[in-house]
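**Q** This is a predicted model, with the sequence first.
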Protein chains: 2
Amino acid sequence: MEEKGISEREVLEALKKYREMDLKYENGRILGSMCTKPHPISKKIVEMFLETNLGDPGLFKGTKKLEEEVIGMIGELLHNKNAFGYIITGGTEANLTAMRAIKNMKNKNAKIIIPETAHFSFDKARDMMDLEFIKAPITKDYTIDVDFVRDYVEDYKVDGIVGIAGSTELGTIDNIEELSKIAVENDIYLHVDAAFGGFVIPFLDERYKKKNINYKFDFSLEGVCSITIDPHKMGLSPIPAGGILFRDKSFKKYLNIEAPYLTETQQATIVGTRAGFSVACTWGIMKLLGKEGYKKIVSECMENTIYLTKKAKEYGIESVIEPVMNIVALKDENPKETCSKLKKHGWYVSICKCVNALRIVVMPHVKKEHIDEFIEVLVSLKS
Amino acid sequence: MEEKGISEREVLEALKKYREMDLKYENGRILGSMCTKPHPISKKIVEMFLETNLGDPGLFKGTKKLEEEVIGMIGELLHNKNAFGYIITGGTEANLTAMRAIKNMKNKNAKIIIPETAHFSFDKARDMMDLEFIKAPITKDYTIDVDFVRDYVEDYKVDGIVGIAGSTELGTIDNIEELSKIAVENDIYLHVDAAFGGFVIPFLDERYKKKNINYKFDFSLEGVCSITIDPHKMGLSPIPAGGILFRDKSFKKYLNIEAPYLTETQQATIVGTRAGFSVACTWGIMKLLGKEGYKKIVSECMENTIYLTKKAKEYGIESVIEPVMNIVALKDENPKETCSKLKKHGWYVSICKCVNALRIVVMPHVKKEHIDEFIEVLVSLKS
């Protein structure tokens, strides 16, 4: 840091130059991210709430009320008026929080079954919390092998099960209804990672639903104890806005840490100081869009997903599965190589781990014209 | 959530009403928070960087470059050009990250000495990570008892030591130089929590320094492995902006988790998706203010701290210690009761845990006129 400061104009001009080195969502080159351009109303809300801190909720009672209402709204969307939870920094903190609940509720060295398709935030949880993860295999439709889970809990004492509603790699939905039955019968904690799918599945038009998939994933299933659902993914909120919802307030006691200097005496979130604008944006965008608005956005993404899949197929590029939500996995023998070639041409896709494929998330910023251009480049690289 | 959305105007008007229920920093009633109104330039920078995500740095190369430069600037401030680290969500994530490093570097069930004055984020670390914390007593000046630490490491195998530069309760500075010697001699990891003090101590004018205090706390001391330093406290950045800095890049390997879907293949932060604006704001505010700007702010806070201490004394209210930085602890026989009475009059202080006292953080939003009003109310409540 220099001794003397520079002017505001100089600072902003310099920052503009750095910002120009970033990719922009609106250019449609970001095809592998679960984030997108936040809804335009966000900027006004962020400005209004920038100084608020939900780590000290007694100081920001209005913002805290908004959080309670947001949790109420999301809880209702997930069929549970009694849901309890927080808007936190993202899916990782949400999944860590659920794992912390299992650890403190069930067993310090909890044994937890997670599907092979689980997000790497669970690796962080294991690394930090000394949990024992049993990786359940996935079936041919890339969802958790429920028979394996059923057999395993018969033979061993299990503390937790994780199901995924919208897997990171393929957007698949585990059979949460069956997992819920197993959880209830065996008194096991069931956590659902719907970080991505939580703002997709409830808004999915019937015409996009497939007969062989069970779309039930939420608190309407008796065994579901907690759900990760991220407003900053398909909820269109700005970062940081993750969501963790528990079935009811009784779970709070497993998370409480004494907070002597604050206006609340027990803090349940992992992170302390917390951006209040995240809550205000989520509240505002949910009120602004309503269910109709989210349905429209999800339908547009699904249309573009189908468009991309069809177009790729016309060029002989097959999808791994018929997309369940707005994530497409295109078969590719050398996905790493193709990914890196695409990058050189300015296109950013990512790759799957469980199958040789390119992974494309068709977020709201991805339009048909981007898909056309992308397929053209992809085909040219392959020929 | 309703089926139909409402208009942008209606959303913003409704949000305004909630916002009015919050306290505002500028009214000077928030006297117990380590956060403050972010620097005015923040709003423009947040707007420019709102969509950026440092969880996927290959997409936001300009913002990532800003983060490297910010870590460089803070590293230099802490006398280490090779520092490695991240701007993360806050002091809690920073302290958790350091504890994770000790755990993975030294011992899965690491034994760590922390002072009794340590922030409750360390309780979160223990709760999540199964660490064994040895609470070192504090001496009569409310800093860690170095003799206890020295004796303890002679008798037992210890993996880590935590020292505090700006304790939450009293703003005291542990004798980090002595802790550093002990750490080096015994091959122990030393972490310094300077979440608050990191943006105070380097800018403290000589006239505010006390002879009996060792102000050395940073990487100039050989044993210091990592430092928590929060831009969103005295750095004037908006939330979320915490900082974790390691001595060099060699510490990254203890934090890496494989991140298959992202533009970086190994992620070292606990949180995944990360707000890029936090970095841009920190960069911008540091460039705008320069060292001179921060010195001016710290001096103003120290003047107001001295003013508050003197004024209280005039009314017979003694301070626990002569303030080391801009935190005042006023002796009070029933701090909980006084705190709650003050709250009823609209004043929000907090209380100490290690001593019967009210705790006031004299942040930049606390002005002399607020102090005058506060003392008047406090005195009236006591008489």
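**A** Sure, I can see it.

**Q** What is the burial count for A:K382?
**A** 14 (other Cβ atoms under 10 Å in any protein chain shown). All C-beta spots, glycine's among them, are computed from the backbone N, C-alpha and C.

**Q** Contact partners for it?
**A** A:I317, A:T338 (Cβ atoms under 8 Å, 6 or more residues apart in numbering or on different chains).

**Q** Quick check: phi and psi at it.
**A** Here is the backbone geometry of A:K382 (degrees, to the nearest 10): phi -90, psi -20.

**Q** Could you report the distance from the most centrally placed residue in chain A to chain B?
**A** Nearest residue to the geometric centre of chain A (Cα atoms, centre = their mean): A:A195, 2.3 Å. Separation of A:A195 from chain B (Cβ to the nearest Cβ, to the nearest Å) stands at 10 Å.

**Q** what's the helix or strand for that residue?
**A** Under the criterion DSSP states H and E, no helix or strand holds A:A195.

**Q** Quick check: closest non-adjacent residue to it.
**A** Once flanking residues are discounted, A:A195 sits nearest to A:G91: 3.5 Å by Cβ to Cβ, 6 or more residues apart in numbering or on different chains.

**Q** For the one you found, give me its contacts.
**A** A:H119, A:S121, A:D193, A:A195, A:F196, A:T228, A:D230, A:K233, A:G242, B:G272, B:T273.

**Q** my guess is A:E264 contacts A:L59, does it?
**A** No. Applying Cβ atoms under 8 Å, one finds A:E264 not in contact with A:L59, separated by 10.2 Å.

**Q** between those two, which one's more packed in?
**A** A:L59 (24 against 14).

**Q** ok, now which ones touch the nearest residue to the more buried one once chain neighbours are set aside?
**A** Distances taken as Cβ to Cβ, 6+ apart place B:L23 nearest to A:L59, at 4.9 Å, with adjacent residues excluded. By Cβ under 8 Å, 6+ apart, the residues touching B:L23 are A:L59, A:F60, B:R29, B:I30, B:Y348.

**Q** B:L23 and B:G272, how far apart?
**A** 32 Å (Cβ to Cβ, to the nearest Å).

**Q** ditto for A:K181
**A** With Cβ to Cβ as the criterion, A:K181 and B:G272 are 31 Å apart.

**Q** One more: A:Y86?
**A** Taken as Cβ to Cβ, the span from A:Y86 to B:G272 is 17 Å.

**Q** One more: A:E116?
**A** Counting by Cβ to Cβ, the gap from A:E116 to B:G272 is 19 Å.

**Q** What separation do you get for A:L330 and chain B?
**A** From A:L330 to chain B the distance is 15 Å (Cβ to the nearest Cβ).

**Q** Which helix or which strand is home to that residue?
**A** A:L330 belongs to strand A:327-331, assigned by DSSP H and E.

**Q** So which elements touch that strand?
**A** With contacts defined as 3 or more Cβ pairs under 8 Å, 6 or more residues apart in numbering or on different chains; DSSP states H and E, the packing partners of strand A:327-331 are helix A:277-314, strand A:357-361.

**Q** Out of these, the one nearest B:M286 is which?
**A** helix A:277-314 (22.1 Å; Cβ to Cβ).

**Q** Near the spatially closest residue to A:E132 that is not a sequence neighbour, how many other residues are there?
**A** Nearest residue to A:E132, sequence neighbours excluded (Cβ to Cβ, 6+ apart): A:K111, at 4.5 Å. For A:K111, the count of nearby residues is 19 (other Cβ under 10 Å).

**Q** Next one, pLDDT for the nearest residue to A:K106 once chain neighbours are set aside please.
**A** What sits nearest to A:K106 in space, not counting adjacent residues and going by Cβ to Cβ, 6+ apart, is A:D159, at 3.9 Å. pLDDT recorded at A:D159 is 98.

**Q** For A:D159, what are phi and psi?
**A** The phi and psi values for A:D159, taken as degrees, to the nearest 10, are phi -100, psi -30.

**Q** how far away is A:S121 from B:S167?
**A** Remark: distance between A:S121 and B:S167 (Cβ to Cβ) = 32 Å.

**Q** So A:V158, which state does it fall into?
**A** Classification of A:V158 using DSSP: H, G, I helix; E, B strand; the rest coil returns coil.

**Q** could you list every residue that touches it?
**A** A:V158 touches A:K111, A:I112, A:I113, A:I134, A:Y152, A:N186, A:I188, counting by Cβ under 8 Å, 6+ apart.

**Q** Could you do A:N109 as well?
**A** A:N109 makes contact with A:D130, A:L131, A:E132, according to Cβ under 8 Å, 6+ apart.

**Q** Skipping its backbone neighbours, what lies nearest A:R150 in space?
**A** A:I182 (5.7 Å).

**Q** pLDDT value on the one you found, please?
**A** pLDDT, read off for A:I182, is 98.

**Q** same deal with the one 5 residues further on?
**A** Looking at A:D187, its pLDDT is 98.

**Q** ok, now which ones touch it?
**A** Contact analysis of A:D187 by Cβ under 8 Å, 6+ apart lists nothing.

**Q** Pull up the gap between it and chain B, please.
**A** 23 Å.

**Q** pretty sure the residue nearest to A:K106 is in contact with A:N104, am I right?
**A** No. When contacts are counted by Cβ under 8 Å, A:D159 is not listed as touching A:N104 (10.9 Å).
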